[in-house]
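K.L.:
Build me a structure from this.
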Amino acid sequence: MAITSDNDPEPTTTAVVTIRIPSGTDSDLVTDAEDRLLRAEDIDTVTVDDLYGIAPKLSATAITIGITIHWITTMTDAEVKRRLAEVPGLESIKQSG
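P.N.:
Just a heads-up that it's a prediction; the model follows:
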C-alpha cells in the first residue's frame, strides 16, 4: 500500500473558463460543464465554484464559470492550458492559480 504525506499539496488549478453547452441536453449547465471538463487528460475532479455569466445562443449556451481542477499529476501552466484547450466547446481560459 502506498503511503502519502499530508504535507504534499494536491496539484490543483483554479481558473475562469467560458464553455459552450449544446442546447437540448438532459442535465443542467453546471453538470454538463463539469462533464465536459473531465474529458481533459489527467483530471481527477472538477468543481464549479462560481457562475459568472450565461449567454444563450441558438444551438448552445455559453457559460462563464470559476472552477477548481484537481489533477492526477503535477504539471506546468503550459501543460494545464494545453490539456484544457482539448476540451470540446471550451472558448476561453483565464488561469487564476
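K.L.:
In space, what's closest to E34 - neighbours in sequence excluded?
P.N.:
Nearest residue to E34, sequence neighbours excluded (CB to CB, 6 or more residues apart in numbering): V46, at 4.9 Å. The way it works is simple: take the backbone N, C-alpha and C, and place the C-beta from them, glycine included.
K.L.:
how many neighbours does the one you found have?
P.N.:
Neighbour count for V46, taken as other CB atoms under 10 Å: 19.
K.L.:
quick one: what helix or strand has it in it?
P.N.:
Assigned by DSSP states H and E, V46 belongs to strand 43-56.
K.L.:
What strands flank that strand, and is each parallel or antiparallel?
P.N.:
Paired neighbours of strand 43-56 in the sheet (DSSP bridges): strand 60-71 (antiparallel).
K.L.:
List the buried residues in the strand it pairs with.
P.N.:
Judged by neighbour count using 16 or more other CB atoms under 10 Å, the buried positions of strand 60-71 are A60, T61, A62, I63, T64, I65, G66, I67, I69, W71.
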